[in-house]
Every structure is written in structure tokens, then in C-alpha cells.
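Participant: need a structure here:
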Amino acid sequence: MGPIECVDTADALAALLRQLRRRAARRDGGAQLTYRQLSARTGWAHGVIGDYFAGKTLPPTDRFDTLVQLLGATGRELRMLATARDRVEEARRSRTAPGGGRTGPPGTDDSGPLPAVPRQLPPGIHELPGREGELEALDVLRPGARGGGPVVVALDGPGGVGKSALAVHAAHRLAERFPDGQLYADLRGSHRDDRPVPPAVVLRRFLGALGAPRPYAGSTEDAAAAYRTLLTGRRVLIVLDNALDAAQVRPLLPAAHGCAVLVTSLGVLATLNGAAHLHLTPLPPPASIAVLGLWAGPGRLTAEHGAAEVIARHCGHLPLALRIAGARLAARPRWPVRELADRLADPARRLAELSFADLDMHAALAAGHRELQARGPTGRAAALALPLLAAEQGELTVAEAAVTTGGALSATEVILEQLVDVQLLESRAPGRYRFHPLTRLFALRGPVR
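Facilitator: Got it, this is the predicted structure:
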């Protein structure tokens with residue numbers, strides 16, 4: 001290995017990591033460990049691991065220690081590498097202090113405190129079986145090239161598909177790329193009992209978290225300008241959860257190339273400036289069983305795998321429904337798994353059974369219905385047509401739906417597209433529509449229980 005004592009930059013530290021990786025391969029007589037292999041051993045995003053080896057991101061202390069141990073560092077090297085990592089961190093802090101000066105206690109030549117570093121992400125779920133492809137797609141969330149704008153990704157999908165869980169999980173995995181902080185806001189666009197949070201309220205919270213000296217009393221436009229100014233030159237990840245529409249999100253978008261934004265919403269935010277879109281769908285069956293087992297507890301499903309498959313099918317492979325079913329099994333340790341499978345077999349009571357504590361599948365599906373009601377006459381017409389359309393089995397065409405509702409073809413197509421927009425219908429091909437099984441049950445029984 002090269003001299004560790006002189007290392008004081010992230011690039012030089014990354015070069016040492018690459019040397020360790022090559023040395024480990026020579027020692028073991030094989031190929032170098034790939035980022036994917038290291039990801040499998042650590043649970044970290046492989047893109048983040050790549051950033052560590054490229055010098056783009058400085059690993060946190062605990063991750064750095066784990067990484068160099070995996071790469072075969074000796075006890076003496078571990079101590080020296082840890083010191084080098086701390087030296088790089090101190091140099092970075094000195095460079096980011098106001099005026100570029102060093103920081104220190106009062107009475108020294110400290111030029112002022114470091115900018116506020118918010119860490120607002122809520123706790124996440126440690127495992128998300130079946131979402132490996134989506135997590136891979138979210139690897140694009142990284143500080144962009146100088147001169148460009150922020151990277152923006154918008155997640156959408158029906159109620160209960162796990163948008164918020166995926167967003168928070170991904171944000172934790174990628175947080176080290178954004179050493180200047182992570183901002184989080186629940187915009188409450190799909191909550192049952194709350195109104196959506198106005199952008200001005202979120203901006204005031206974010207400005208305070210970023211170190212604005214006093215509560216901001218200006219207009220939304222002025223607050224947004226101050227917010228963008230504070231983010232200039234910083235690398236910050238912003239998670240905007242449960243957005244109602246693009247208009248609610250636009251004032252919260254930074255302009256800085258070093259920032260990235262992850263938004264979740266029920267419908268597709270197709271008009272959101274420069275966003276890449278990721279559409280979430282239910283889980284594949286094997287992943288559904290894994291999710292059910294995570295919440296039910298270790299070994300709970302082993303002796304009754306067939307009953308677990310029935311539960312997953314009745315849950316429509318939606319993560320929220322599976323979480324509720326697993327929680328119910330965990331709360332009833334003496335129940336056989338078949339008992340819950342039998343309870344869910346009755347369509348008339350299935351949604352009622354998928355409710356536990358503060359988790360409710362019916363409430364998650366009702367968000368789309370509330371959005372319809374707020375869309376004026378066409379939305380209300382779609383809400384009225386919903387139970388009629390749900391009574392038809394299988395896939396629907398516009399002509400078949402028009403016969404069912406008694407409306408004209410053009411008006412019926414508008415109704416169907418409204419239902420697609422709020423995730424109460426799926427359209428996998430032009431002019432063809434179908435219900436998710438749980439959404440069909442919701443549509444037949446209405447928004448009020």
C-alpha cells in the first residue's frame with residue numbers, strides 16, 4: 001500500500017481503497033470483489049459503494065471501518081486508515097466553512113459555524129424484498145454535473161404499493177452522497193383526515209433546517225428564492241412524500257446541481273419539471289411471501305407455506321396489505337396461518353380484515369376516490385361510475401364500459417382515464433382497462449364503511 005500518513009483528500013483515500021481491493025484479489029488468487037458483491041455483503045447500495053471507490057463520497061466512520069475490514073486491512077492498517085479518514089473529513093469541513101477558513105472554538109481564528117446539516121429522514125424499513133430493480137433505478141439520485149440542474153425522480157403507484165417505504169429506504173441508502181443533509185416533508189396529499197400541506201409551510205420548515213437566521217415571513221415566491229439560495233453549493237437530498245400534484249411540488253424544487261429530489265404521489269406527476277418517473281406495481285409472488293414473513297416473524301410461515309401463498313394472493317401482492325396481514329399474525333402467535341387465509345377468502349370481509357392498528361388498506365385506496373371528488377363534475381361522474389364498472393369481471397374496453405354506464409363513448413373514455421389518473425384503474429394498453437383485485441372490492445363497496 002502507498003503512504004497512508006500523507007492522505008488528506010477523498011481522492012487519495014479512494015486510491016487506498018482501490019489498492020486494498022487489488023491486494024485482496026491477489027491474496028485470494030481471484031478477481032477483485034465487485035461492487036455488487038460488496039453490496040450483497042453489506043446491504044449498501046452498490047452505486048454508493050462505487051462512489052466510495054471513486055472518491056465522490058466519503059464513507060461514514062462505521063462504514064469505512066467495515067469496508068476496509070472486508071478488504072483485508074491489518075490491525076495496524078485499520079488504525080492508520082481510520083486516522084486518514086478523519087483527516088479527510090476535517091479537511092472537508094474546513095473547506096466548507098464560511099469563507100473557506102477552519103473551524104474551532106471561540107477565541108481562535110474560526111470564521112464562523114458550519115452551515116446547518118439537516119438529517120430529517122424518518123426511520124425506514126430495513127428490507128424491501130422484490131424492490132431490487134426499483135432501488136437500482138433510483139441509483140440515478142446523485143449530485144449532478146456542474147452547470148446542470150438537480151436530479152428529480154417521481155415515484156407513483158396505487159394506494160398500498162409501498163411508495164413511501166421505498167422512497168425512505170432508498171434515501172437512507174443514498175444519504176452519504178449528500179453530506180450537506182437530507183430534507184423530508186410529508187405533503188399529505190393523500191391523507192384521509194388532513195388537507196395537503198401548502199408549499200409555503202414546507203419552505204419555512206426547510207429554511208429553518210438549513211440555518212436561515214429567523215422565521216421567514218415573506219411570500220411563497222420569496223421563500224422559494226431564499227431556499228434555492230441556501231441550497232446553492234450544497235449537496236442535499238430532498239424527499240417530498242405524498243404529493244398531491246406538481247403545483248404543490250414546484251416551489252420546493254432546488255436549482256442547485258448538487259441536489260437531488262425524490263417525490264412520491266398517487267398519480268403520475270407528468271408535468272413536473274425535468275423529472276424521471278418510476279411507476280410502482282404490486283410485488284411478484286415470491287417477494288410477497290418474503291414480505292409477509294418479515295412482518296409475521298421468523299419461521300411463522302414455514303409449516304404452512306400453502307396458506308401463506310393464499311394470503312399473499314388475497315392481499316393482491318400489495319406491500320401494505322401484506323404488512324397488515326403479517327402484523328395480524330404476529331399479534332396472534334397462537335393462530336394457525338390458515339385461519340387468516342380463511343378469513344381473507346371471503347370477498348365481502350376482505351378489506352375489513354386488512355386493517356390493524358394504524359394501518360388500513362381501505363383508507364389507502366380511498367385516497368384515489370377523494371381525489372376524484374375534488375376534480376369537479378368529470379371526477380364526480382367517474383366516482384359514480386366506479387361501482388358499475390367494478391361489477392364487470394375481467395378487462396374492459398371503452399365500448400364495454402359505455403354499455404355498462406349507459407354513456408357515450410367519448411364521455412366514457414374520459415371517465416376511464418380519470419380513474420386511471422387516480423390509480424383506481426390500470427391501463428396496460430390503449431383502450432383497455434382492468435381493476436386490481438382489492439381496488440375492485442373497494443369500488444364495489446364504496447368509500448364509506
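
Participant: what's the weakest-modelled helix or strand in this structure?
Facilitator: None of the helices or strands of the chain scores lower by mean pLDDT, DSSP states H and E than helix 75-96, at a mean of 80.

Participant: quick one: stretch 266-286 to chain centroid distance?
Facilitator: 11 Å (C-alpha atoms, centre = their mean, to the nearest Å).

Participant: thinking Ala399 is in contact with Ala408, fair?
Facilitator: No: in this structure, Ala399 is not within contact of Ala408 by C-beta atoms under 8 Å, at 11.0 Å. The way it works is simple: take the backbone N, C-alpha and C, and place the C-beta from them, glycine included.

Participant: ok, and for the least confident helix or strand of the chain, which residues are buried?
Facilitator: Of all the residues in helix 75-96, those buried under the rule 16 or more other C-beta atoms under 10 Å are 77, 80-81, 84-85, 87-89, 96.

Participant: just these now: which is nearest Tyr52?
Facilitator: Nearest to Tyr52, judged by C-beta to C-beta, of the buried residues of helix 75-96 is Arg85 at 10.8 Å.

Participant: can I get the CA coordinates of stretch 136-148 in PDB?
Facilitator: Output of stretch 136-148 as PDB, limited to C-alpha atoms (Å, rounded to 0.1, in the frame of the first residue of the first chain):
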ATOM      1  CA  GLU A 136     -31.300   0.100  -8.900                       C
ATOM      2  CA  ALA A 137     -33.300   2.600 -10.900                       C
ATOM      3  CA  LEU A 138     -33.100   5.100  -8.000                       C
ATOM      4  CA  ASP A 139     -29.300   5.000  -8.200                       C
ATOM      5  CA  VAL A 140     -29.500   8.000 -10.500                       C
ATOM      6  CA  LEU A 141     -30.100  10.100  -7.400                       C
ATOM      7  CA  ARG A 142     -26.700  11.700  -7.100                       C
ATOM      8  CA  PRO A 143     -25.300  15.200  -7.300                       C
ATOM      9  CA  GLY A 144     -25.400  16.300 -10.900                       C
ATOM     10  CA  ALA A 145     -22.800  17.800 -13.200                       C
ATOM     11  CA  ARG A 146     -21.800  21.400 -12.600                       C
ATOM     12  CA  GLY A 147     -24.000  23.600 -14.800                       C
ATOM     13  CA  GLY A 148     -26.900  21.200 -14.800                       C
END
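
Participant: average pLDDT across stretch 302-314?
Facilitator: In this model, stretch 302-314 has a mean pLDDT of 96.

Participant: who touches that stretch?
Facilitator: 285, 288-289, 292-293, 301, 322, 325, 336-338, 340-341, 344-345, 350 (C-beta atoms under 8 Å, 6 or more residues apart in numbering).

Participant: Just the buried residues of it, please?
Facilitator: Residues of stretch 302-314 classed as buried under the neighbour-count rule (16+ other C-beta under 10 Å) are 304, 307-312, 314.

Participant: Repeat that for stretch 422-435.
Facilitator: Within stretch 422-435, the residues scored as buried using 16+ other C-beta under 10 Å are 422-427, 433-435.

Participant: Out of the residues you listed, which two are the most distant from each other?
Facilitator: In those, two members sit farther apart than any others by C-beta to C-beta. They are Val422 and Arg434, at 15.3 Å.

Participant: helix or strand for the most centrally placed residue in the chain, which one?
Facilitator: Closest to where the C-alpha atoms of the chain average out (C-alpha atoms, centre = their mean) is Ala167, at 0.5 Å. Assessed by DSSP states H and E, Ala167 sits inside helix 163-174.

Participant: helix or strand right after that helix?
Facilitator: For helix 163-174, the following helix or strand on the C-terminal side (DSSP H and E) is strand 182-186.

Participant: That following strand - contacts with which helices or strands?
Facilitator: In terms of contacts (3 or more C-beta pairs under 8 Å, 6 or more residues apart in numbering; DSSP states H and E), strand 182-186 is packed against helix 163-174, helix 199-209, strand 237-243.

Participant: what's the second one packed up against?
Facilitator: Okay, so that is helix 199-209. Using 3+ C-beta pairs under 8 Å, 6+ apart, the elements in contact with helix 199-209 are strand 182-186, helix 220-231.
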